[in-house]
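Engineer: only geometry, no sequence info:
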């Protein structure tokens, strides 16, 4: 049962919860307001940067195949960042004509920043895991 719990509480559930949160924020922006648009833009940036970085906390769970979890982090992060960005961009509406065309750039930048945050977090996580797995060397005087 404990192993099943470790599998279920994983990056996929984390990204589903983030998606539901962004979706809830998007439904609150009806009719679209400048404050709601700003909140959705912030949500896109936060999920792309902070959301990706926080998903690497699952590597601290013991008893899980770290390489398999690493692959799951990559897939869930890729799908999660895109899903959150698309939902937020669909809900943002500006009153000026033609201004909504720039929302594709927001989605693209969120995907790129999410990828950069993933690479940085992956590098740091691999470094920490490597340092923790090596036995400490004692120097005798």
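Structural biologist: Sure, I can see it. Predicted model only: the values in this text are computed from it and were never measured. Residues are numbered from 1 along each chain as shown.
Engineer: remind me, longest helix of the protein?
Structural biologist: The helix spanning the most residues in the chain, taking DSSP state H as the definition, is helix 103-133.
Engineer: ok, the residue nearest the centre of the chain to residue 84 distance?
Structural biologist: For the chain, the residue lying nearest the average C-alpha position, counting by Cα atoms, centre = their mean, turns out to be residue 52 (3.0 Å). When distance is defined by Cβ to Cβ, to the nearest Å, residue 52 is 10 Å away from residue 84. Heads up, the C-betas are built off the backbone N, CA and C, glycines and all.
Engineer: and if you look at residue 53?
Structural biologist: As for residue 53, its distance to residue 84 is 14 Å (criterion: Cβ to Cβ).
Engineer: For those two, indicate the residue with more neighbours.
Structural biologist: When residue 53 and residue 84 are compared for neighbours, residue 84 comes out ahead with 28 against 17, by other Cβ atoms under 10 Å.
Engineer: pLDDT (mean, whole number) over the strand or helix carrying that one?
Structural biologist: Here residue 84 sits within helix 66-91, counting by DSSP states H and E. In this model, helix 66-91 has a mean pLDDT of 89.
Engineer: Contacts only, for residue 59.
Structural biologist: Contacts for residue 59 were tallied using Cβ atoms under 8 Å, 6 or more residues apart in numbering; they are 66, 69-70, 73, 125, 129.
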